[in-house]
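J.: need a structure here:
(2 chains)
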Amino acid sequence: AQSVSQHNHHVILSEAASLELGCNYSYGGTVNLFWYVQYPGQHLQLLLKYFSGDPLVKGIKGFEAEFIKSKFSFNLRKPSVQWSDTAEYFCAVSRYGQNFVFGPGTRLSVLP
Amino acid sequence: NAGVTQTPKFQVLKTGQSMTLQCAQDMNHEYMSWYRQDPGMGLRLIHYSVGAGITDQGEVPNGYNVSRSTTEDFPLRLLSAAPSQTSVYFCASSDTGTGLAKNIQYFGAGTRLSVL
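T.: This is a model prediction of the structure:
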């Protein structure tokens, strides 16, 4: 069965610091990869996705992620975080839009 | 465009009561799913459906039933609520198959359920 792990449970940064959130998945076949964000009290929203092609994908709000197939990783990055990035971030894996598996989430707190 | 609509937003039940969480989507998506979100555990898949008339179990199906009589609706039933089912429930839908526009899962706003 597929599984997704996220390296950090809670990350605390100051504004303007750089961010990298780790994500690893277990499935060896072709997968689709996603990062979702959940702002306090809200539902999950898509941040970015990888289906194929360029392994460096850019999403909304200045986020990007790099797919490294040999490491089964899909780490999320942002060069300079803002207070408004405070949220919970979920990495997810699926095959052809089915059987989505989510990681446990990483809570990001950005201090003003 | 409403997207994925969940009702109710909040619900309090007593142990042993039954209820149905409603989920509807207007995007003509084949795939729909129910998750529960608990602190530190991310989202866990309860049940999913790949089309009308077809449902299957996810990771944590016990205590929940689903049906999919139409493409739009995917209700989740709690037959006899237990305190362990206190959680936030999210419904999601996605188009399936290949293509860049597909395979993105859209979420409803969630139902916060407390079982006393």
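J.: the strands in chain A, which residues?
T.: In chain A, strands defined by DSSP state E lie at A:4-6, A:10-14, A:19-21, A:23-25, A:32-38, A:45-50, A:56-58, A:64-68, A:73-78, A:87-95, A:98-102, A:106-111, listed in chain order.
J.: Looking at these, which is nearest to chain B?
T.: Evaluated with C-beta to the nearest C-beta, the strands of chain A place strand A:98-102 nearest to chain B, the distance being 4.2 Å. Using the backbone N, CA and C atoms, a C-beta is placed for each residue, glycine as well.
J.: Now do that closest one and strand A:87-95, the angle between them.
T.: Calculated by axes from the mean of the first three to the mean of the last three C-alpha atoms, to 10 degrees, strand A:98-102 forms an angle of 150 degrees with strand A:87-95.
J.: Which other helices and strands does strand A:98-102 contact?
T.: For strand A:98-102, the packing partners by 3 or more C-beta pairs under 8 Å, 6 or more residues apart in numbering or on different chains; DSSP states H and E come out as strand A:87-95, strand B:31-38, strand B:42-51, strand B:87-94.
J.: What's the mean pLDDT across the helix or strand that the last one is followed by?
T.: Proceeding N to C from strand B:87-94, the next assigned helix or strand is strand B:106-107, under DSSP states H and E. Here strand B:106-107 scores 90 as its mean pLDDT.
J.: Relative to the whole chain's centre, how far out is strand B:106-107?
T.: 10 Å (C-alpha atoms, centre = their mean, to the nearest Å).
J.: and the closest residue to A:S14 other than its chain neighbours, what does it touch?
T.: With C-beta to C-beta, 6 or more residues apart in numbering or on different chains as the criterion, A:S14 has its nearest non-adjacent residue at 5.0 Å, and that residue is A:L111. Residues near A:L111 by C-beta atoms under 8 Å, 6 or more residues apart in numbering or on different chains: A:I12, A:L13, A:S14, A:E15, A:W83.
J.: and B:Q6, how many residues sit next to it?
T.: Residue crowding around B:Q6 was assessed by other C-beta atoms under 10 Å in any protein chain shown; the count is 22.
J.: Bridged to it, which residues?
T.: Beta bridges link B:Q6 to B:C23 when assigned by DSSP bridges.
J.: got it, and B:Q11?
T.: B:L113.
J.: so it sits right up against B:T111, yeah?
T.: Yes - at 6.4 Å, B:Q11 and B:T111 qualify as touching, with contact defined as C-beta atoms under 8 Å.
J.: Give me the common contacts of those two.
T.: Common neighbours of B:Q11 and B:T111 (C-beta under 8 Å, 6+ apart) are B:L21.
J.: And these two? Which one has more around it.
T.: Just comparing B:Q11 and B:T111: by other C-beta under 10 Å the higher neighbour count belongs to B:T111, 23 against 17.
J.: That one - nearest residue in space that isn't next to it in sequence?
T.: Nearest residue to B:T111, sequence neighbours excluded (C-beta to C-beta, 6+ apart): B:Y89, at 4.6 Å.
J.: so what's the one you found bridging to?
T.: Beta bridges link B:Y89 to B:R36, B:T111, judged by DSSP bridges.
J.: What is the burial count for it?
T.: Counted with other C-beta under 10 Å, residues neighbouring B:Y89 total 23.
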